[in-house]
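**Q** Below are the sequence and a predicted model for it; my questions follow.
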Amino acid sequence: MNIVRIENVCKEYSLGEQQVQALQNISLNIENGAFLAIAGPSGSGKSTLLNLIGCIDTPSAGKIYINGQDISGKTPDELSDLRARTISFIFQTFNLFPVLSAEENVEYPLLQFKELSTKDRSERVVKFLDIVGLSRFSDHRPNQLSGGQRQRVAIARALATQPKIILADEPTANLDHKTGDSILQLMKEINCHFKTTFIFSTHDQRVMAMADRLVRIEDGQITLPNIELDEEAAIAREYCRTNQETAEHIFKHSG
Ligand SMILES: Nc1ncnc2c1ncn2[C@@H]1O[C@H](COP(=O)(O)OP(=O)(O)OP(=O)(O)O)[C@@H](O)[C@H]1O
């Protein structure tokens, strides 16, 4: 099943008198459970595409279907509800609330779900902080955590709403090599275990190598739409297989 369907999408921005054609007639299907990297030079349209998939912005032309729903006819409230229940975001700058503790940051997106009791929320926070290995740091504020730990909090926050899609905009850009690797591996394990679809915008070769699919964009057009990186995909699959035991251990509370 395609969790994202993009059909003939264009996106134009107005910049004073000028029109900027950020995306030109893009079509793309993304399978449920994909670990997909969108790569391309600066200004090629990666963030624009991620914003459209994330329902933060709307296309100038064309159709986008998220989890089978056509987003073009939706009101801002409906879009916001679809986003809250289907999509989470991870940013290169982590975007945590500095005055909130790790657990409060993870709980924050759950406050909009009126059907969750305080106990439900707190159980989810405990579960997802455990999954990212930060149970001991639950009362720490972001400035009391390392970059890698902050990104782990952001991952726990993204997972807490149990989304179908996680959009990650350059998630390793502000991390050193080793920390970036461990964050990527954690995301791959989450992808293997929960079948959450990950869509990355990236310049990072390691993200591209870990991806099971690479989409290249240049000048607002897709130049490499559906290529499976056979060798890298095999490595990623092998990674999932050989790490199944570790993953099972990590996810022991995840049900
Ligand atoms: N809000 C905006 N108003 C006007 N033009 C914009 C706006 N946002 C993006 N653009 C333009 O659209 C094009 C695509 O930008 P986008 O941010 O999607 O590229 P990108 O591939 O994500 O770049 P980077 O890798 O540098 O983040 C660029 O020419 C950019 O200048």
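**A** In hand now; what should we look at?
**Q** if we look at whichever strand or helix holds Asn51, which residues are touching it?
**A** Counting by DSSP states H and E, the element that carries Asn51 is helix 46-53. For helix 46-53, contacts defined as CB atoms under 8 Å, 6 or more residues apart in numbering pick out 4, 6, 9, 11, 22-23, 26, 38-40, 57-59, 64, 66, 87, 165, 167, 169, 199, 201-202, 217, 220. (Glycine included, C-beta is placed from N, CA and C.)
**Q** C-terminal to that helix, which secondary structure element comes first?
**A** Using DSSP H and E, the helix or strand that follows helix 46-53 in sequence is strand 61-66.
**Q** quick one: average confidence on stretch 163-182?
**A** Stretch 163-182 shows a mean pLDDT of 93.
**Q** nope, stretch 96-109 is what I meant
**A** On average, stretch 96-109 scores 97.
**Q** Correct me if wrong: Ile99 contacts Arg141.
**A** Careful, residue 99 is Val and not Ile. Yes: in this structure Val99 lies within contact range of Arg141 using CB atoms under 8 Å: 7.1 Å.
**Q** quick one, which of the two is more surrounded?
**A** Arg141 (16 against 10; other CB atoms under 10 Å).
**Q** And the more buried one, what's its pLDDT?
**A** 97.
**Q** ok, the closest residue to Lys164 other than its chain neighbours to Ser138 distance?
**A** Excluding the flanking residues, the one nearest Lys164 by CB to CB, 6 or more residues apart in numbering is Thr86, at 5.1 Å. Applying CB to CB, to the nearest Å, the value for Thr86 to Ser138 is 27 Å.
**Q** which phi and psi does Ile183 have?
**A** In terms of degrees, to the nearest 10, the main-chain angles of Ile183 are phi -70, psi -40.
**Q** Which of the contacts of helix 46-53 fall within strands?
**A** Mapping these onto strands (DSSP state E) picks out 4, 6, 9, 11, 22-23, 26, 38-39, 64, 66, 87, 165, 167, 169, 199, 201-202, 217.
**Q** Model confidence for the closest residue to the ligand within the stretch 151-255 of the chain, exactly?
**A** Nearest residue of the stretch 151-255 of the chain to the ligand (CB to the nearest ligand atom) works out as Ser201 at 6.1 Å. With respect to pLDDT, Ser201 scores 94.
**Q** Look up how far the ligand lies from the residue nearest to it when sequence neighbours are not counted.
**A** Setting aside the residues directly before and after it, Ser201 is nearest to Lys46 in space (CB to CB, 6+ apart), at 4.0 Å. As judged by CB to the nearest ligand atom, to the nearest Å, Lys46 and the ligand stand 4 Å apart.
**Q** Hmm, Ile66 and the residue nearest to Lys164 touching each other?
**A** Yes: counting by CB under 8 Å, Thr86 touches Ile66, with 6.2 Å between them.
**Q** can you map out the strands along the stretch 101-250 of the chain?
**A** 165-169, 197-202, 213-218, 221-227 (DSSP state E, counting those that start in this stretch).
**Q** Make TSV out of those and add mean neighbour count.
**A** Formatted as TSV, the strands of the stretch 101-250 of the chain follow (neighbours: other CB atoms under 10 Å):
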stretch	mean neighbour count
strand 165-169	23
strand 197-202	25
strand 213-218	20
strand 221-227	14
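**Q** Residue numbers of the chain in contact with the ligand?
**A** 13, 15, 20, 22, 40, 42-48 (CB under 6 Å from any ligand atom).
**Q** Select, from the residues you listed, the two members most distant in space.
**A** Distance extremes for the residues of the chain next to the ligand: the farthest pair is Leu15 and Gly40 at 20.2 Å, using CB to CB.
**Q** So which of these two has more stuff around it?
**A** Just comparing Leu15 and Gly40: by other CB under 10 Å the higher neighbour count belongs to Gly40, 22 against 7.
**Q** Touching, the more buried one and Arg216? I think so.
**A** Yes: in this structure, Gly40 is within contact of Arg216 by CB under 8 Å, at 5.6 Å.
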